[in-house]
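> I would like to see how this sequence folds:
(2 chains)
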Protein chains: 2
Amino acid sequence: MNQEHEKLKKLIDVAAGRVPADFVLRNCRIVDVFSGTIREGDLAFCGDQIAGIGDYEGKEEMDGEGRYAAPGFIDGHIHIESSYVSPEEIGRLLVPHGATTIMADPHEIVNVCGMKGLEYMRKAARHTALDIKYELPSCVPATPFEHAGAVIDAEAMKEPITRSEIAGLGEFMDFSGVIAGRDDVLDKIEVAKEADKFIDGHVPGISGKELNAYAAAGMIADHECSTVEEMQDRIERGMYVQLRQGSACHDLRVLLKGLTPENSRRCMLCSDDRQPKTIFEEGHLDGHLRICVEEGIDPITAIRMASLNASECYGLKDRGAISPGRRADVVLLDDLKDFHVSSVFIQGQLVAENGQYLPEVTHYDISTVKGSVHLKDFSVDKLKMHLKSNKVNVIEIQPGGVVTKKDTAIVQVDEEGDFVRDPKVDLVKAAVIERHNYTGNAACGFLEGYGIKEGAVALSIAHDSHNVIVVGADNEEMAFAVHCLKEQEGGIVLVKNHQILESMPMPIAGLMSDQTGQWVDERLTAIHETAYREFGIHREVDPVMTLCFMSLPVIPEIKLTDMGLFDVTTFSFLPLEAE
Amino acid sequence: MNQEHEKLKKLIDVAAGRVPADFVLRNCRIVDVFSGTIREGDLAFCGDQIAGIGDYEGKEEMDGEGRYAAPGFIDGHIHIESSYVSPEEIGRLLVPHGATTIMADPHEIVNVCGMKGLEYMRKAARHTALDIKYELPSCVPATPFEHAGAVIDAEAMKEPITRSEIAGLGEFMDFSGVIAGRDDVLDKIEVAKEADKFIDGHVPGISGKELNAYAAAGMIADHECSTVEEMQDRIERGMYVQLRQGSACHDLRVLLKGLTPENSRRCMLCSDDRQPKTIFEEGHLDGHLRICVEEGIDPITAIRMASLNASECYGLKDRGAISPGRRADVVLLDDLKDFHVSSVFIQGQLVAENGQYLPEVTHYDISTVKGSVHLKDFSVDKLKMHLKSNKVNVIEIQPGGVVTKKDTAIVQVDEEGDFVRDPKVDLVKAAVIERHNYTGNAACGFLEGYGIKEGAVALSIAHDSHNVIVVGADNEEMAFAVHCLKEQEGGIVLVKNHQILESMPMPIAGLMSDQTGQWVDERLTAIHETAYREFGIHREVDPVMTLCFMSLPVIPEIKLTDMGLFDVTTFSFLPLEAE
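Have a look, this model is predicted:
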């Protein structure tokens, strides 16, 4: 308490003008998100807090040169894992774009590593200036139709949810379980409520009474709106809406059509997922703000969605605005149109200037989350089919998305019932191999429309359980790809003729690289080019992303998990053989 | 947990339409404070919660007949004691006007009875449908210049502030202590922060860096604004502003001039104090809303200030709007201009209709807070002065307010130095007598402009320490008045010629009656009339209110406490004799 006492005393002394501020940012146009006005003035910091706006003396000073000082940006919902980089690196990438806080759901790594994964993420986050607020993933495993690396039920949540470093419960993806009032789901909700923690939502496509039920259960927000009507439906039910602009989903422009001066306080900005390429090309929330203004939104209203509204939604009372006593998280902007970020302060420290992250980047030890590819008795035999008929169910890829169609095909079968690929037909074998708990589980299926004619692609990113997924021209190529993937401890690998053509190791839980965002982007570009050029994969198909979502049994219409072929429309497994 | 589980399950079942609602309010125009729109529809309740808006079946139903359904009103700051009635009775008075929650600072009773007073208030509150959220008084005693019944320092706050029934720390009136960074004040602030409880503010007339210091210390709101500039000053520093319309202070109309669509979310409505007479004549927040609309404020913006904004300020996540999962606190209004309240629901129960409070009124036992007038060795001798000079300092009353002026006068003195009243001069004796801890402390002073010519007035309401204050034509009348006040266990008494002319006993801590608001109002009216008619008190002076604030050593310019005459401008005691 004594240290807190001294800190508070000094803050008051600085605010009252009795002792000099630690830092004074002179000559700013301060964005007042409370009054919706711009105020010219100087900003005084005391340690990691704002002391006040006014005429202050500072031990150190900087000239804001008339730039706009906005509260640090808060991303309302993001999965770091989807950027394929570590927490340290996501900080390095996002802070120069004005991010000072992100609400992160470490759902992917916890599906692989359990609470050990969250612990790693939390400790790694201490190595970045970005304040990463972690939510406890609510749905691990995401569905009962696949094997993840961990099972976190209500009982297992009880202790972690009470931890001060856990902001709330992450997106409750099992919305059908909530709406149905399933007991195991209610138990989880109660655990969060008992701990007085928020529960973030995820409820695509639901409306009416079902949405009433979801909202009544206490879900605070939704980032899955893709129409104005969906957005309005959620706002009128008391949910916040996270307007999403990520690498995969681009909902922001559409939703801004439904934004009004009345409802904007219930909206915030989010990425959900943001790959390095998108960050390099479009920035982060600075890019969202640019889009808002392009769409005719008042810039202060837009900034409020990137700050105060998110802080209010999540109860982050110490930030979200520039006012006495709040965290000195401040973004200096050249203008309120392009939102070019000139400088970023986090807790009173200058941490980025002109696109450069300033602190030295150090990394937390990744040994606890390395070596996550646990295969049992894997050999080419696991990839052999034993078909009883030559008419089979197939997964038909829909280019440019993650939705698939169910189709059937007549295939050629060898004497043991295994599939024999016909080079003239665009149909190949895919397999999902359990990689967490040495179960040896594996399932094969057929992929139509991927286009691969040679070699094999294997990866350890396969939402949401992140088993190994492999597709290839024949069993041998596929088996070699899986072997290489295991050797490199996960990530992505492209092989042909028993040679590795491209590889991106992702030692962090098989989900994230320990390298820079630039390196990840270069690797991904090379992987894409090789996949198209050497394997003949169709250019309208994303060779990586398509496979990443091939195993997710909640996206229509047909998917493949380590437990088999899964029909999402009937929510049941399908045999390989068609009727 | 099991009961919570069943409750949540039923709520979801009702919301989803699988089981009938407990109650359906049909045919309403629902005020959506999130979207700022009116939506026609039916409202379904499940127990004490709202299940949803839509087409629902109910076990019971009621036709809203097209009335407006607004969220229950939240008074952002009130002292129940100032209404001179019990918590049970304040509920009976306010609920028919749409109040469903009040944020109450039981500052007065705690100054008299300590934590025992708060405990009584809390238990009494269980006997009303109104949800009374209590704050822990922050400044007991209010100043070091008077003796209150209790001393509550940071140490004494540590345990109570953590209680779930304590919403936060009450208005931090010692703003100069906060701004100065005084250690004992900081200790209190830290205790509240440690418990993650809000701290309500009180900071009249302060601006600039001093206001930065007060805001930096973490004060969440202020209800003392009387100009638009003060309001803007506080909003831009991140404080909420409670727009006050009480019996004594009428700031609402003035402050509404400064309300904008941008800053209104930082504003809410409050009474601070509301006497029964005001409630009968002007209502409660329904009256505030009427004024808002008269002043050109959009009615939904106004309702939002009486609901959502207050709930957000105080972190009352379970109320403040009509949406699934929130408390079924709903007010049916005939229109959005006069705001006539037709029906009020609290936690799903119909509790008021057409101005009538419906539940049976029961009262909690008041024995723990009775008998609070503790005088030691009181006799007429305590009222005798021992003046060393006939030139004295006097308190000059300013009619119509609580501010006084410092003046001097030449008085007639008897052989023992006591004051001899001159019937031709409007100058009388006043005394303040400690009544809490049998200290026997008493101090006398002079009052100019009160007008009393006969008899005496005594009361046990004397902000903020609530010692006995007595004014009279001579020592004997005054002593008899004090005697009668003790006998009736506090309140107000008017005596003449050793007869009680009027009396209003206030057995609850000498601050509140145990009777109805109507009774209090009738008694007060009779007391006023008798004071004017029988005692010759000036009609432009409020005979009761003037004395209630005569002892408050924070309001300029000169006051009288049990410790002596106090100069508020120099913050020091004055001798009776002038220089």
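> can you give me the strands for the stretch 401-550 of chain A?
Defined through DSSP state E, counting those that start in this stretch, the strands belonging to the stretch 401-550 of chain A, from first to last, are A:404-410, A:412-413, A:419-420, A:427-433, A:442-448, A:456-459, A:468-472, A:491-496, A:499-505.
> most tightly surrounded among those strands?
The densest packing among the strands of the stretch 401-550 of chain A, expressed as mean neighbour count by mean count of other CB atoms under 10 Å in any protein chain shown, is seen in strand A:456-459 with a mean of 29. For every residue, glycine as well, the C-beta is placed using N, CA and C.
> Contacts for that one, please.
Residues outside strand A:456-459 that contact it (CB atoms under 8 Å, 6 or more residues apart in numbering or on different chains) are A:468-473, A:477-478, A:480-482, A:484-485, A:491-496, A:531, A:535, A:537, A:543-544, A:547-548.
> ok, so what distance separates the nearest residue to residue A:510 once chain neighbours are set aside from chain B?
Nearest residue to residue A:510, sequence neighbours excluded (CB to CB, 6 or more residues apart in numbering or on different chains): residue A:490, at 2.5 Å. According to CB to the nearest CB, to the nearest Å, residue A:490 and chain B sit 39 Å apart.
> list the contacts for residue A:490?
For residue A:490, the contacting residues are A:372-373, A:435, A:460, A:505-507, A:509-511, taking CB under 8 Å, 6+ apart as the criterion.
> Looking at it now. What's its pLDDT?
Confidence at residue A:490, expressed as pLDDT, is 98.
> With the one 5 residues further on instead?
According to the prediction, residue A:495 has pLDDT 98.
> Apart from its chain neighbours, what residue comes closest to it?
residue A:481 (4.6 Å).
> is it true that the one you found touches residue A:496?
No. With contact defined as CB atoms under 8 Å, residue A:481 does not reach residue A:496; the gap is 9.4 Å.
> Return every residue with contacts to both of these two.
Contact criterion CB under 8 Å, 6+ apart; residues bridging residue A:481 and residue A:496 by contacting each: A:455-456.
> So what's the residue count around the residue lying closest to residue A:284 once chain neighbours are set aside?
If the residues on either side of it in the chain are set aside, residue A:284 comes closest to residue A:97, at 3.9 Å by CB to CB, 6+ apart. For residue A:97, the tally of surrounding residues (other CB atoms under 10 Å in any protein chain shown) stands at 25.
> need the residues of the stretch 301-450 of chain A near chain B, please.
Counting by CB under 8 Å from any CB of the partner chain, the residues of the stretch 301-450 of chain A lying close to chain B are A:312, A:315, A:321, A:323-326.
> Filter the residues you listed down to the ones in helices?
With helices taken from DSSP state H, the overlap with these comprises residue A:312.
> by contact count, what packs against the helix or strand harbouring residue A:74?
Element membership of residue A:74, judged by DSSP states H and E, is strand A:73-78. Strand A:73-78 makes packing contacts with strand A:99-104, strand A:240-244, strand A:267-270, helix A:285-294, helix A:308-313 when contacts are defined by 3 or more CB pairs under 8 Å, 6 or more residues apart in numbering or on different chains; DSSP states H and E.
> So which other helices or strands are in contact with the second one?
What it means is strand A:240-244. Strand A:240-244 is packed against strand A:73-78, strand A:221-222, helix A:228-236, helix A:252-256, strand A:267-270, with contacts defined by 3+ CB pairs under 8 Å, 6+ apart.
> okay, how far is it across stretch A:12-32, tip to tip?
21 Å (CA to CA, to the nearest Å).
> Throw the helices and strands packed on strand A:240-244 into a markdown table and include mean neighbour count, thanks.
Written out in a markdown table, the entries for those read as follows (neighbours: other CB atoms under 10 Å in any protein chain shown):
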| stretch | mean neighbour count |
| --- | --- |
| strand A:73-78 | 29 |
| strand A:221-222 | 28 |
| helix A:228-236 | 22 |
| helix A:252-256 | 18 |
| strand A:267-270 | 29 |
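> contacting residues around residue A:359?
By CB under 8 Å, 6+ apart, residue A:359 lies in contact with A:128-129, A:349, A:351.
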